[in-house]
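Asks: When you get a sec, could you give me coordinates for this:
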Amino acid sequence: MSEERTNTNQLINQSTIYQILENVTDPEIPVISVTDLGIVRDVLITDDFVEVIITPTYSGCPAMLEIEKDIHNALKKEGIDHFKITTVLSPAWTTEWMTEEGKQKLKAYGIAPPNPTNPEDIECPQCGSKNTQLLSEFGSTACKSLFKCNDCLEPFDYFKCH
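Replies: Coordinates of the predicted model:
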């Protein structure tokens, strides 16, 4: 049995774990993976043990328990049995950790991606207009604000910069 475990674990490397995590999506935004969001801080592998280190987008993010469960299930499904998931809060997550691909996935889904260079210049994900206005600092989740496009008149979420 231990020989079989050793052979299986020889195939496990950081790249393999990241590939598995690319299929774990945010339960609140199902088109974006936890790796695209940048909440996977690191993957450490020691002998036959894997540690996945994650950081929530907000310290009170209600989706984190679901994300941990989904990571757990994804690793188990791939036959990885010796692991732990560690949540760290410092340094705090920032939208700068999101991948460009993740930001494009948000936009295609109808959520304006963060705009750190000019947070006052928010583009409508529906029509591309920059003639938009903030309706509420609080959108459908704590990490988003609610905006409205003054051209197409559609409301949309904006993923806040931080």
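
Asks: ok now the longest helix seen in the chain, how far from the chain's centre?
Replies: Scanning the chain for the helix with the most residues, using DSSP state H, yields helix 64-77. Its chain's C-alpha centre and that of helix 64-77 lie 13 Å apart, by C-alpha atoms, centre = their mean, to the nearest Å.

Asks: Which residues are in contact with the residue nearest the centre of the chain?
Replies: Centroid-nearest residue in the chain: Leu37, 2.7 Å away (criterion: C-alpha atoms, centre = their mean). Residues in contact with Leu37 (C-beta atoms under 8 Å, 6 or more residues apart in numbering) are Asp26, Thr57, Trp97, Met98, Gly102. C-beta here means a position set from N, CA and C on the backbone, and glycine is covered the same way.

Asks: what does Phe83 give?
Replies: Phe83 touches Phe49, Val50, Glu51, Val52, His72, Leu75, counting by C-beta under 8 Å, 6+ apart.

Asks: what secondary structure does the fourth one sit in?
Replies: Here Val52 is strand, with the state taken from DSSP: H, G, I helix; E, B strand; the rest coil.

Asks: is it in a bridge, and if so with what?
Replies: Val43, Ile85 (DSSP bridges).

Asks: Now do it: how many residues are near it, please.
Replies: Val52 has 26 neighbouring residues, counting by other C-beta atoms under 10 Å.

Asks: Surely it touches Val43?
Replies: Yes: contact between Val52 and Val43 holds when scored by C-beta atoms under 8 Å: they sit 5.6 Å apart.

Asks: Quick check: neighbours shared by the two?
Replies: Ile17, Leu21.
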